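Pasting a predicted model and its sequence here:
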Amino acid sequence: MSRSSAVIVHEDADVLADAVAARLINRLADAQAQRGSASVVLTGGRIAAKVYANVLASGIRGVVDWSRVDFWWGDERFLPSGDPERNETQAREAFLDHLPVDPERVHPMAASDVVDTPEEAASLYSAELETAAGGTGVPAFDLVLLGIGEDGHVASLFPGNAALDAAGSAVGVHHSPKPPPERVSLTLEALNTAAAAWIIASGPGKAEAVDEALSKRELPAGLVEAQGHTRWLIDKDAAERLKHLEF
Ligand SMILES: O=C1O[C@H](COP(=O)(O)O)[C@@H](O)[C@H](O)[C@H]1O
């Protein structure tokens with residue numbers, strides 16, 4: 001698999017969410033055509049919620065056999081089951097609860113009413129990933145979806161936080177500058193095993209992080225590099241500092 005990277009700019013958040021939803025549906029359908037099933041790592045955040053809603057509303061969503069998709073999460077806020085701030089709750093409400101998914105193939109990270117610490121949740125998730133991979137490491141992810149924070153974080157890997165350097169596949173996160181402070185995240189190493197990674201960003205609040213991540217490759221978002229293609233799918237507001245690009 002050869003690596004490539006590209007930035008694709010869309011008019012606004014609505015067009016971006018619609019375009020990413022269509023790409024996601026096609027990516028999953030293509031994976032299923034090739035190997036019978038598909039595997040995606042979901043993200044949290046505002047633009048992701050819009051993407052999921054557009055997947056549900058899409059007239060082409062039927063090209064995917066949703067019962068043969070594995071859904072994983074790139075990160076989770078360490079909160080009780082069903083908390084509206086959990087990325088799992090957001091994705092379930094936006095689309096998973098309304099699609100004919102196989103519950104056995106939906107893999108949320110453990111909530112704070114189920115285990116005591118983010119480390120325990122991370123350890124359980126690593127074990128679940130290993131089982132799915134057939135022994136060690138992580139299963140083949142067709143796609144990792146990632147939002148980006150104003151500070152350049154992806155998943156729950158924040159600049160300067162110890163979790164960014166963690167080995168293995170999942171890590172407990174403490175002292176997140178964005179609430180809640182305790183989280184669970186896939187490691188950079190695990191995210192970068194994916195065949196494809198799409199970083200989605202919308203709004204002027206993301207412009208500085210997008211620019212810095214792409215130009216210096218030091219922020220967590222700039223360190224994402226999938227085995228195949230890495231795409232930055234962003235709107236014009238998020239791209240406003242990328243003056244060297246023409247669109
Ligand atoms: O806390 C998180 O934030 C980011 C970005 O969220 P947004 O609302 O600013 O788009 C998200 O990607 C991450 O999964 C989430 O846990």
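Structure received.

Following element in sequence after the top helix by length along the chain, please.
Across the chain, the longest stretch assigned as helix under DSSP state H is helix 13-35. As assigned by DSSP states H and E, the chain's next helix or strand after helix 13-35 is strand 38-42.

Strand partners (parallel or antiparallel) of that following strand?
Looking at strand 38-42 with DSSP bridges, its partner strands are strand 69-73 (parallel), strand 143-147 (parallel).

nearest to the ligand, of these?
The ligand lies closest to strand 143-147 among the strands paired with strand 38-42, at 2.5 Å (CB to the nearest ligand atom). Glycine gets a C-beta too; all of them are placed from N, C-alpha and C.

who are the neighbours in contact with the residue nearest to A21 when sequence neighbours are not counted?
In space, and not counting its chain neighbours, A21 is closest to N54: 3.6 Å by CB to CB, 6 or more residues apart in numbering. Going by CB atoms under 8 Å, 6 or more residues apart in numbering, N54 touches 17-18, 20-22.

Make CSV out of these and add neighbour count and pLDDT.
Listed next are the contacts of N54 as CSV, based on neighbours: other CB atoms under 10 Å; pLDDT from 0 to 100:
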residue, neighbour count, pLDDT
A17, 25, 98
D18, 17, 98
V20, 25, 98
A21, 22, 98
A22, 17, 98
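
Out of those, which comes closest to the ligand?
Looking at the contacts of N54 and their distance to the ligand, the nearest is A17, at 11.4 Å (CB to the nearest ligand atom).

Can you tell me what sits against stretch 164-181?
Stretch 164-181 is contacted by residues 75, 77-79, 85, 109, 117-123, 125-126, 129-130, 137-138, 149, 151, 153, 156-158, 161, 163, 182-190, 220 when judged by CB under 8 Å, 6+ apart.

Stretch 161-170 near the ligand anywhere?
No: judged by CB under 6 Å from any ligand atom, stretch 161-170 and the ligand are separated, with a smallest distance of 12.4 Å.

Export only the CA atoms of that stretch, formatted as CSV.
Listed next in CSV are the C-alpha coordinates belonging to stretch 161-170 (Å, rounded to 0.1, in the frame of the first residue of the first chain):
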residue,chain,number,x,y,z
ASN,A,161,-0.1,15.0,27.0
ALA,A,162,1.7,11.8,28.0
ALA,A,163,-0.9,9.7,26.1
LEU,A,164,0.5,11.0,22.8
ASP,A,165,3.7,8.9,23.3
ALA,A,166,1.9,5.8,24.6
ALA,A,167,2.7,2.4,23.1
GLY,A,168,0.2,-0.3,22.5
SER,A,169,-3.3,0.2,21.1
ALA,A,170,-5.3,2.1,23.7
